[in-house]
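Peer 1: the sequence and its predicted three-dimensional model are supplied below.
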Amino acid sequence: MSTGRLTIDLDAVVANWRALDAMTNCKTAAVIKANGYGLGSVNVAKALFKAGVRQFFVAVTEEAAPIRAELGPRPEIHVFSGHMKGDTDTIRELNLTPMLNSVEQVTHHFETLPGHPFGIQLDTGMNRLGLEMQEWAAIAGLALEQNPTLVMSHLACADEPDHPMNPHQLANFHMMTDGIGVPRSLSATGGILLGPDYHFDLTRPGIGLYGAEPFAQGTPAIELEFPVVQIRDVAQGEVVGYGNSWQAERPSRIATISGGYADGIIRSLSDRAIFYHGKTPCKLVGRVSMDLMTVDVTDLPDDPKALSLICAEQSVDDVARRAGTIGYELLTQLGGRYTRRTYGK
Ligand SMILES: *Cc1c(COP(=O)(O)O)cnc(C)c1O
């Protein structure tokens, strides 16, 4: 086996959902967009459905098709991008719930799919998706007559608990939705951790299910390991990899491992990543290339067969920090070339 090995623990995903659900007194959905943050949306959805999850969110209608095919008609599948032109047939056939985000979408939905379930997305300050306060004031009466199943908004700074944007958006959400008599949702993972004021009727965790920050107390859900293709001795003063970017300061043993930026190990990890062999750290040396990386294994007593990047010694967030990014990006970039081993229910 010559590709990296990605191990996915669905029991950990379920445990994380349960832990997040237990932090609130409301319902908890699951966000499985971007192929379940890289872990495999169908497997993740199946495991969560078995655990009792009945509300899922995807980013775009295309992501919903395999989920509906696998889970059948029972779960509600919400689409963050709403009802885009060209999606009408899919929304009807798959019975999706679009989160309408503009006056144009609301009008289009009522014209093309009258009586079909929908939700409303409000902008409370992030300025990304959703109706603004004045727009909502203008069409709320009309929209509420059609019985939306959910009214939601999204927090911009929920991963910073003390950020003044959080209470600001909360106040706006109250102003826009108090008394409407429709289930409300404001919080993703970060918002759940902000406490009960932010929970409303439904939460929408994504990243926390997959064991990454801001849900720091979550259970890790993946491991990532790369097989060694070749090992060589490098004399002091010799160089390694593209651009000669690393030079041996001592006689070194260099392992070349199968995996690179085509597998989501982004180039900013060049000369920065740490791999593990058991508990022993080994530094990546030189640049990450498309399919290969070079690691200094001089200090290991024996030649390794494989080296781990995400493991008990090092979390997704540790690696993301080294890369100058966030766990979300690392997970969603993992790519299609891994040998995936998924276990759990
Ligand atoms: C991605 C997303 C979520 C999930 O966010 P996490 O931070 O991953 O928990 C929830 N709501 C919206 C609108 C999103 O775009």
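Peer 2: The structure has been received and is ready for your questions. Residues are numbered from 1 along each chain as shown.

Peer 1: which single residue in the stretch 1-150 of the chain comes nearest to the ligand?
Peer 2: As assessed by Cβ to the nearest ligand atom, the ligand sits closest to Val31 within the stretch 1-150 of the chain, at 4.0 Å. Where you see a C-beta, it was placed from the backbone N, CA and C, and this is true even at glycine.

Peer 1: now the nearest residue to that residue once chain neighbours are set aside: how far from the ligand?
Peer 2: Spatially, and ignoring its direct neighbours in sequence, Val31 is nearest to Gly206 (3.3 Å; Cβ to Cβ, 6 or more residues apart in numbering). Using Cβ to the nearest ligand atom, to the nearest Å, one obtains 3 Å as the distance from Gly206 to the ligand.

Peer 1: would you confirm that Gly206 contacts Ser187?
Peer 2: No: with contacts defined as Cβ atoms under 8 Å, Gly206 does not count as touching Ser187, sitting 11.1 Å away.

Peer 1: of those two, who's got more company?
Peer 2: For Gly206 versus Ser187, the count of surrounding residues by other Cβ atoms under 10 Å is larger for Ser187: 28 against 20.

Peer 1: confirm that one sits in a strand?
Peer 2: No: under DSSP: H, G, I helix; E, B strand; the rest coil, Ser187 falls outside any strand and is assigned coil.

Peer 1: is it true that it touches Gly208?
Peer 2: No: the pair Ser187 and Gly208 does not pass the contact test of Cβ under 8 Å, sitting 10.6 Å apart.

Peer 1: residues from the stretch 1-150 of the chain in reach of the ligand?
Peer 2: With Cβ under 6 Å from any ligand atom as the criterion, the stretch 1-150 of the chain meets the ligand at residues Val31, Lys33, Phe80.

Peer 1: let's see which of the residues you listed end up in strands.
Peer 2: Among these, the ones falling in strands (DSSP state E) are Val31.

Peer 1: ok, the spatially closest residue to Ser41 that is not a sequence neighbour - contacts?
Peer 2: Counting by Cβ to Cβ, 6+ apart, the nearest residue to Ser41 once its immediate chain neighbours are dropped is Ile32, at 4.5 Å. Under the criterion of Cβ atoms under 8 Å, 6 or more residues apart in numbering, the contact partners of Ile32 comprise Ser41, Val44, Ala45, Leu48, Phe56, Phe57, Val58, Glu63, Ile67, Gly206.

Peer 1: give me phi/psi at Ile32?
Peer 2: When read as degrees, to the nearest 10, the backbone of Ile32 gives phi -120, psi 30.

Peer 1: low pLDDT regions in the stretch 1-150 of the chain?
Peer 2: Counting by pLDDT under 70, the ranges of the stretch 1-150 of the chain that qualify are 1.

Peer 1: helices of that one, start to end?
Peer 2: Listed from the start of the chain, the stretch 1-150 of the chain has helices (DSSP state H, counting those that start in this stretch) covering 10-22, 33-37, 41-50, 65-71, 88-93, 103-112, 133-145.

Peer 1: right, so these: which one is the most enclosed?
Peer 2: Most buried of these by mean neighbour count (mean count of other Cβ atoms under 10 Å) is helix 33-37; its value is a mean of 22.

Peer 1: alpha carbons only: can I get that one in CSV?
Peer 2: What follows is helix 33-37, C-alpha atoms only, in CSV (Å, rounded to 0.1, in the frame of the first residue of the first chain):
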residue,chain,number,x,y,z
LYS,A,33,-21.0,20.1,4.1
ALA,A,34,-17.7,19.7,2.2
ASN,A,35,-17.9,15.9,2.3
GLY,A,36,-18.4,15.9,6.1
TYR,A,37,-15.4,18.3,6.6
